[in-house]
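Enquirer: please find the sequence and the predicted model below.
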Amino acid sequence: MLRKLLNRSAVLALVLSLIVSTSFIFQNGLALASTNDSIGKVPSIATISSEIDTSSSEPVNVIVQMESEPVAVSKNAAKMGRRSFKVSTEASIKKEQSDVLLKASKQGLRLRKNYEYNTVFNGMEVTLPADQIPKLAELPGVKAIHENRTFYAISDSNSSATDADHPYYETQPLWQIGVDYAWSQGLTGKGLKVGVIDTGVDYLHPDLANAYKGGYNSFLQTEDPYEEKPLGSNPGTSHGTHVAGTIVGTAANTTSKFAQKGIAYEAGLYAYKVLGYNASTGGTSGTTAQVIDGIEHAVKDGMDVINLSLGSDDVKDSDSPDSIALNNAVLHGTVVVIANGNAGPSYYSMGAPASSSLSISVGAVSSPSSNYTATATSTITGQTYQLPIRGWTLGNDDFASLFGTDPVDAVYVRLGLESDYNNVDVTGKIAIVSRGYQTFLEKFASAKKHGAKAVIIFNGNNKINAPFTPDLSTSIAGKDDYIGGFGTEFYGAFDYIPIMDMKGKEGRELASALLANPSAKLTFTFDSDYQEKINPGDRVADFSSRGPSSDGNLSIKPDFVAPGVNVLSTFPAYGRDYSAAYARLDGTSMATPHITGLALLLKQAHPEWTPFDIRAALGNTADQISDETGTLYDVYSQGAGRVNVKNALLTPALLQSVEEITILDKDMNPQAVTNYGDNTSFGTIRNGETKTKQLQLKNTSDNPVQYQASVRMHPSVTGNNTSDISKIGVELGETDAGTINVNANSAKGFSLSVTPTVDTAKGVYEGDVVLTSNGLPSLHLPFSIHVGDELPDNGLGLQELTLSNPSIIVDGEDTTRPIDISFKLTASNVNAILLKIYDINNEYIGMLDVLSVDSTFSGNFGTGTRIYEGMTQKYYQDYEYYWRTIQSLPEGQYTLKVTAASAYNPANNTAEKFFSAYKTFSVKSLDSIEQPKVLDAKNRFVPNITNTTHTGVPVLTLPTTAGITYEITESSNTNYIGNNGILLSLPSSGTANVTLTVTIASASKPSLQLKALVNVVLAAKAITGFTFGDLSPVVTGTVDEIAKTVALTVPYGTDVTTLVPTITHTGASVSPSSGAAKDFTNPVTYTVTAADNSTQQYVVTVTVAANPAKAITGFAFNGLTPAVTGAVNESAKTIALTVPYGTNVTALVPTITHTGASVSPSSGAAKDFTNPVTYTVMAADNSTQQYSVRVTIAAMNAPSAPVIQSAIGGDGQVTIEWNPVTAAAGYNIYMSTTPGAYGTALGSVSRCYGEPYHK
């Protein structure tokens, strides 16, 4: 049964978050914000910046922040439909600020206002004694008091905006993907526009300033997309600046030893800020509506490529609103590049909008790098340690110079907590730290803060019963060896000092020895040789989200992978010192801009390439990579492989799948499009079943190409115990024995078919189609196969959420088309299913329903597919354990969240586990659907006046359009034309103008209608008929009443000099008169005179039909001796010829006579008549007639049989005589000992009578 139950819960508001993994925060891709409307605000004293000294009585300038949001934020909230948001206006903000000033005055505060702000910040700059600031903070309406920082203008640089010779920019990730080759070809992105849809950009950064061209702030609905500066609790934003540097960094920073050179460093940068600080989570996020707004601005601004290093891993909906927007951006011609997510390494971990079918989704791999190991000996233990170096300052890996060979002082600082540095001097020394309690970053930052030269951290932990004390036990399970990794890399960044990793057992022994001998001095002496280990890179990052896409077809995502581990790029300095404005970050966010940069280079090289072509070029030529064991990464981890733009630039042809798919347009209407993919998925396929996919080789060059095609199955890949691939039958169709030839600038289609045998093991199989051509890059296209009867369990507990239709259609309060919800439960112990609705801003709206097996929630749902029928626009607002009044969703886009709860307790809305899936839907009014159809029909309506002379017949011919009705509903003069559009009479003199009203309406809702007016002119002096009755058949003219013309076509051969017309008209007379012979060689003008003596002229044009003759009258081979003439059978349309015996019929030349304008093949053209040949005669009127010509070879005229007269033998010689004398010429002679048998051929007879034949 369905149990309607109030859901009183902390609502999860979906927001899009950055797809970045940093040393500070590890995000899973979906930021969750809890809200509870029943919790009121608790008054609090405003925060005061720790940088402000409030002990002094000296006046200081500070920034006072008000409680209310600024105007820009309020306008954005109102635009996005956030009903609970209190609207701030300039007037209300001014009053709020004035109230604070008044209260300050009453409190005796000596305060002077200098500036006031209301648009992007609600506050004032004021001057007051510093020791009065705490009292100011207590005033109602004051939210925070910030220091008034000083910013400095950046001096103009004389260097080039694209300083390609800057000695210090990181090249390894660029060379890894072939950027050096692209640059050598002069490709820099010049003239192209790239949109970074992110947190904004620090466009004051010297490496970005000259690239920046504009953008928009969708987060605050302003024109300025600058990164948010650190202010109060807001740490500021930075992500977009890092992304932008990878794409367009110009390496122009002369204030730093380092610089960032982007892949497409001469492209124009446009920033679209859609993400910002979220106070409720402390993170950076944005709503679906803000992201879509940024996409719309980017497309309207004409971006060639847009970069979205963002996403929501939990939303497994390929038709999410942002995915829809991006699909449509691709159809507009924009290349869309999206991060695949950081929720790896599990399969099905990718979310939206990376699942956008038409976009490019990018995974992350590591780049080549060096690791070092120090060898150091301690004075306390005398032991020599091998210390892997896990971090160091950017550009400072000369450890031999840094540590030297003299002893270096070291100090043990326990867990490295702030209190552990009390009375401890680590300046210029090595800090020895135990793992435990704090994060690695906090430990390293503290050591640097206190002046340490380096850090040695040993594996271990804090004591359970004494959390601020390291556990120095001799052995700790799992902690005796090296730490091995810190979750991110710390080398090559500005913020780090050298960090060395010591085995846990060794470190604890060393620390214990120090504690046992506290007066002993600890030093380390380092060897000058630091062992270097080269990491080859091209390892798929663990955090990189895996496919397949949750689109019901198990489609391959990511499309390919790019460098995304420890990527160095620009970082904001917010207008201050840019000498160290760089950072290393991990994430598919960092891999994505690498692909965006390559897309710009390809677009510059091939301006005519579509987004599909650029995707295919990068995928076809990507290098397939393997893990540390040499096992090939599966296609759901690496897609087509790690990109190589050199080969993408060198290939003249592209290999694409050609699939008709259905996506949703911006109005949530299904639309069929052709997806030219860089991979293909067969989805699920049953044993013994055959599925076929269409592929094409698209030649984009000016020369023909030839490739050899083959299919390569992958016998072993990561993450999948592939069964026997020999059980999968694969076949390429429509090739020439595996060869594919394609002409210049054209495409050749072919097919890939797969058939698992009846005994194929269920599971995942994969392979790729490979095309090779000498001297050209090889092309490959990955494919996947899931053998089984149904979609596999994706491990998410709830899957295959689908809607019967993407839109609910309503007419007023009535639902004209509800939708059904279908989903599959794979989780066990589920006793409740919650159906929740969220708006486009990801804010919770209400509950559609709560499902349970029984009223006590004691029963569990079984696994399997479930259908919820009849979802309408109605929903419940849940409050205090009962259902409130049913509400109706207004028109708009929404997200349905289906949550299966395991061991759900309705009393407190808790469960052991929640399993959720999301699907986008819309609510549309019937009016909103039908009105555009009616408007379109009206705009397309063209009056078709077909009768102005014949009474009782409609004047207009109305069009036919599906779902639209056309009706003449009113006439301005019913004396002539009725309200139904029927011609009733004509004026007795002159003309009459009649306006007809055509009502164009929706067939579904006739009240939705528009009217079109048609003016009809009726004349009392009109020609209504013009015929030549003497001709056979009778020829009737076409009267064009509007143009006042009459047109007639007479048969071929008609004498037009004395034609006699019969004319009908509505006037008093016509001249020339009806029945008078006229010469119609040229147009003739007729004048109709009305009773009032007014006249109207008509021009009559007679056209003689072209000659229809098209007969072959003669067909001969005049080149033969004697000439051979064919017999033409006109009724059968055949021609027969017999040529002499021995005639070569493969190149006979006919002479053809005919009555047409031409014949093909032409007369005099040699043809092979071994088989019948068809000749086509075309008449002057372009009609055609075919004749079949058959040539027969006459039989040989055989001589009379020869008579052997004698055969005399002896001495190896036989003489044969025959009669008549030459009768045997042309015969063969055989010798046989068996009567009647031919025996051995001796030769042919060519001699006259009496001549001996010798053998």
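Expert: Right, received. Where do you want to start? Values in this document were obtained by computation on a predicted structure and should not be read as measured data. Residues are numbered from 1 along each chain as shown.

Enquirer: C-alpha from now on. contacts and neighbour counts both.
Expert: Will do.

Enquirer: how near is the residue nearest to Ile1193 when sequence neighbours are not counted to Arg1190?
Expert: Distance criterion Cα to Cα, 6 or more residues apart in numbering; nearest residue to Ile1193, sequence neighbours excluded, is Val1139 at 5.0 Å. Val1139 is 11 Å from Arg1190, where distance means Cα to Cα, to the nearest Å.

Enquirer: the two: who's more crowded?
Expert: Legend: neighbour count by other Cα atoms under 10 Å for Val1139 and Arg1190, higher for Val1139 (21 against 17).

Enquirer: what sits against the more buried one?
Expert: Applying Cα atoms under 8 Å, 6 or more residues apart in numbering, we find Val1139 in contact with 1124, 1191-1194.

Enquirer: quick one, domains of this structure?
Expert: Domain segmentation of the chain under automatic domain parsing yields 47-139, 369-535, 649-787, 798-929, 941-1019, 1023-1104, 1112-1193, 1203-1244.

Enquirer: ok, which of those domains comes nearest Gly547?
Expert: When those are compared by Cα to Cα, domain 649-787 sits nearest Gly547, at 11.4 Å.

Enquirer: distance of Leu208 relative to Phe219?
Expert: Leu208 is 21 Å from Phe219, where distance means Cα to Cα.

Enquirer: now Asp665
Expert: Distance, Asp665 to Phe219, using Cα to Cα: 24 Å.

Enquirer: same check, this time on Asp180
Expert: 37 Å.

Enquirer: higher neighbour count, the two?
Expert: Just comparing Asp180 and Phe219: by other Cα under 10 Å the higher neighbour count belongs to Phe219, 28 against 16.

Enquirer: so the more buried one, which state does it fall into?
Expert: coil (DSSP: H, G, I helix; E, B strand; the rest coil).

Enquirer: for the closest residue in space to it that isn't next to it in sequence, grab the count of nearby residues.
Expert: Counting by Cα to Cα, 6+ apart, Val274 is the residue found nearest to Phe219 once chain neighbours are left out, at 4.7 Å. Using other Cα under 10 Å, Val274 has 30 neighbouring residues.

Enquirer: repeat for Thr427
Expert: 18.

Enquirer: that one: what's it in contact with?
Expert: By Cα under 8 Å, 6+ apart, the contact list for Thr427 reads 450-453.

Enquirer: is it in a helix, a strand, or coil?
Expert: coil.

Enquirer: follow-up on the earlier one: for the residue nearest to Phe219, list the residues it contacts.
Expert: Counted by Cα under 8 Å, 6+ apart, Val274 has contacts 197-200, 217-219, 286-287, 290-291, 293-294.

Enquirer: one step back: output the domains of the chain as CSV; include the columns mean pLDDT and distance to Leu192.
Expert: Shown next, in CSV, are these (pLDDT from 0 to 100; distance: least, Cα to Cα, whole Å):
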stretch, mean pLDDT, distance to Leu192
domain 47-139, 72, 30
domain 369-535, 88, 31
domain 649-787, 94, 17
domain 798-929, 87, 32
domain 941-1019, 93, 41
domain 1023-1104, 93, 52
domain 1112-1193, 95, 51
domain 1203-1244, 54, 83
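
Enquirer: tell me the secondary structure at Gly952.
Expert: Secondary structure assignment for Gly952 (three-state DSSP): coil.

Enquirer: how about the contacts made by it?
Expert: By Cα under 8 Å, 6+ apart, the residues touching Gly952 are 982-984.

Enquirer: rerun at 10 Å
Expert: By Cα atoms under 10 Å, 6 or more residues apart in numbering, Gly952 lies in contact with 977-978, 981-985.

Enquirer: okay if I get those as JSON lines plus distance to Thr255, neighbour count and secondary structure?
Expert: Formatted as JSON lines, the contacts of Gly952 follow (distance: Cα to Cα, whole Å; neighbours: other Cα atoms under 10 Å; DSSP: H, G, I helix; E, B strand; the rest coil):
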{"residue": "Ile977", "distance to Thr255": "85", "neighbour count": "27", "secondary structure": "strand"}
{"residue": "Gly978", "distance to Thr255": "86", "neighbour count": "21", "secondary structure": "coil"}
{"residue": "Gly981", "distance to Thr255": "82", "neighbour count": "23", "secondary structure": "coil"}
{"residue": "Ile982", "distance to Thr255": "86", "neighbour count": "21", "secondary structure": "strand"}
{"residue": "Leu983", "distance to Thr255": "87", "neighbour count": "23", "secondary structure": "strand"}
{"residue": "Leu984", "distance to Thr255": "90", "neighbour count": "18", "secondary structure": "coil"}
{"residue": "Ser985", "distance to Thr255": "91", "neighbour count": "17", "secondary structure": "coil"}
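
Enquirer: out of those residues, who's nearest Gly630?
Expert: Taking Cα to Cα as the measure, Gly630 lies nearest Gly981 of these, at 81.0 Å.

Enquirer: so that closest one touches Asn975, yeah?
Expert: No. The pair Gly981 and Asn975 fails to qualify as a contact (Cα atoms under 10 Å) at a distance of 11.6 Å.

Enquirer: and Asn909, how far from Val315?
Expert: Relative to Val315, Asn909 is positioned 22 Å away (Cα to Cα).

Enquirer: any weak-confidence spans in the stretch 251-400 of the chain?
Expert: Residue ranges of the stretch 251-400 of the chain with pLDDT under 70: 395.

Enquirer: ok, which stretches of it are helices?
Expert: Applying DSSP state H, counting those that start in this stretch to the stretch 251-400 of the chain gives helices spanning 288-300, 321-332, 399-403.

Enquirer: relative to Leu585, how far out is the residue nearest the centre of the chain?
Expert: Nearest residue to the geometric centre of the chain (Cα atoms, centre = their mean): Ser359, 1.4 Å. Using Cα to Cα, Ser359 is found at 24 Å from Leu585.

Enquirer: what do you get for Val810?
Expert: Going from Val810 to Leu585 by Cα to Cα gives 49 Å.

Enquirer: same question, Thr899
Expert: Counting by Cα to Cα, the separation of Thr899 from Leu585 is 34 Å.

Enquirer: tell me who's in contact with Thr1134.
Expert: Going by Cα under 10 Å, 6+ apart, Thr1134 touches 1112, 1126-1128, 1172, 1174-1175, 1186-1190.

Enquirer: pull out the buried members of those.
Expert: For these, a neighbour count by 16 or more other Cα atoms under 10 Å gives the buried set as 1112, 1126-1128, 1172, 1175, 1186-1190.

Enquirer: export these as TSV, with columns for secondary structure and distance to Thr1038.
Expert: As requested, the buried ones among the contacts of Thr1134 are exported to TSV (DSSP: H, G, I helix; E, B strand; the rest coil; distance: Cα to Cα, whole Å):
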residue	secondary structure	distance to Thr1038
Ile1112	strand	35
Gly1126	coil	46
Ala1127	strand	44
Val1128	strand	41
Pro1172	coil	45
Tyr1175	strand	37
Gln1186	strand	33
Tyr1187	strand	36
Ser1188	strand	40
Val1189	strand	43
Arg1190	strand	46
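
Enquirer: now, which of the residues you listed sits nearest Ala653?
Expert: Once Cα to Cα is applied, the member of the buried ones among the contacts of Thr1134 that ends up nearest Ala653 is Tyr1175, at 40.1 Å.
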